[in-house]
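Participant: With the sequence up front, the predicted model follows.
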Amino acid sequence: MGQHEASLLNKPSGYYQSNREDMLQYVPPGTKTSLEFGCGCGGFSALVKDKFDAETWAVEINKEAAHEAEKILDKVINSDADESLEDIPENFFDCIILFDILEHLLDPSALLSTLKNKLTDKGVIIASIPNIRYYRTFVDLVIHGNWDYKDHGILDRTHLRFFTYKSIVKMLNLLNFEILVLEGIHPTSSRTFKILNLVLLNSIDDIRYKHFAMVIKPG
């Protein structure tokens, strides 16, 4: 096991317990099969199961979290993302879920490309991705010169990749995905940002958001 995988396994328990209700709006109506990578204790996929009466699969690297998820989901694979792929059926899922996962991977493009084959004809991938240009991170770097890794958040010490709005678009275009939704979520409440963005004619609007939410399908 690599050092990065060990770091994920040693996250505090609360790291695996977020239900991400805010992302439920992006799950397409009519979803009957779903697959979530990094499901934690299974809270979000349980919401999908309840709302859509869906068959819910998940992948979770943390053994204790996977065990909890098994109690409420249909199938849970205790593995990292890459190793799980051979156990995941092709052309099966209406919705594949990646919440704050891509930034933890050595090659997020490779996973996205492989997941195309796991989708049904109407299937989509929904994801949330941290924004490295988020206002507070931006100020900390540009104004204060700080780039301090932490146990969670945008500068989580287990992040291997960093994304901006433009870099997400470039990656998806290179992989020939159709972007159905790509929008900012979790905006800053800073009045200073609002004034600065107004003065700059909304040219830095992308740094308002802590995450981007996306819904994509193979092009």
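Facilitator: Everything's here; your move.
Participant: hang on, Leu111 in a helix?
Facilitator: Yes - inclusion of Leu111 in a helix is indicated when DSSP: H, G, I helix; E, B strand; the rest coil is applied.
Participant: Which of the helices and strands in this structure ranks last by mean pLDDT?
Facilitator: The weakest-scoring helix or strand in the chain, judged by mean pLDDT, DSSP states H and E, is helix 3-9 (a mean of 45).
Participant: Residues contacting whichever helix or strand comes after that helix, please?
Facilitator: Scanning forward in sequence from helix 3-9 by DSSP states H and E, the next helix or strand is strand 33-37. Here strand 33-37 makes contact (CB atoms under 8 Å, 6 or more residues apart in numbering) with 27, 44-45, 48-49, 52, 54-59, 81, 84, 88, 92-99, 101, 118, 120. Every C-beta, even on glycine, is put in place using the N, C-alpha and C of the backbone.
Participant: Centre of the chain to strand 33-37, how far?
Facilitator: From the chain centre to the centre of strand 33-37 is a distance of 12 Å (CA atoms, centre = their mean, to the nearest Å).
Participant: That one - what's its average pLDDT?
Facilitator: Averaged over strand 33-37, pLDDT sits at 98.
Participant: after it comes which helix or strand?
Facilitator: helix 43-52.
Participant: could you pull out the helices for this structure?
Facilitator: 3-9, 43-52, 63-70, 81-84, 108-115, 135-142, 165-174, 191-199 (DSSP state H).
Participant: Using JSON lines, lay out these together with distance to Gly153.
Facilitator: Listed next are the helices of the chain as JSON lines, based on distance: least, CB to CB, whole Å:
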{"stretch": "helix 3-9", "distance to Gly153": "14"}
{"stretch": "helix 43-52", "distance to Gly153": "19"}
{"stretch": "helix 63-70", "distance to Gly153": "19"}
{"stretch": "helix 81-84", "distance to Gly153": "21"}
{"stretch": "helix 108-115", "distance to Gly153": "19"}
{"stretch": "helix 135-142", "distance to Gly153": "9"}
{"stretch": "helix 165-174", "distance to Gly153": "18"}
{"stretch": "helix 191-199", "distance to Gly153": "18"}
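Participant: okay, and for the chain, where does confidence drop off?
Facilitator: Scanning the chain for pLDDT under 70 picks out 1-18.
Participant: For beta bridges, what are the partners of the residue nearest in space to the middle of it?
Facilitator: Nearest to the geometric centre of the chain sits Phe99, at 2.4 Å (CA atoms, centre = their mean). Applying DSSP bridges to Phe99 gives these bridge partners: Ser128.
Participant: In contact with it, which residues?
Facilitator: Counting by CB under 8 Å, 6+ apart, Phe99 has contacts Arg20, Met23, Glu36, Gly38, Phe44, Ala127, Ser128.
Participant: Neighbours of Trp147, how many?
Facilitator: 9 (other CB atoms under 10 Å).
Participant: Which phi and psi values does it adopt?
Facilitator: Torsion angles at Trp147 (phi, psi; degrees, to the nearest 10) stand at phi -140, psi 80.
Participant: and if you look at Asp151?
Facilitator: Residue torsions, per degrees, to the nearest 10, at Asp151 are phi -80, psi -20.
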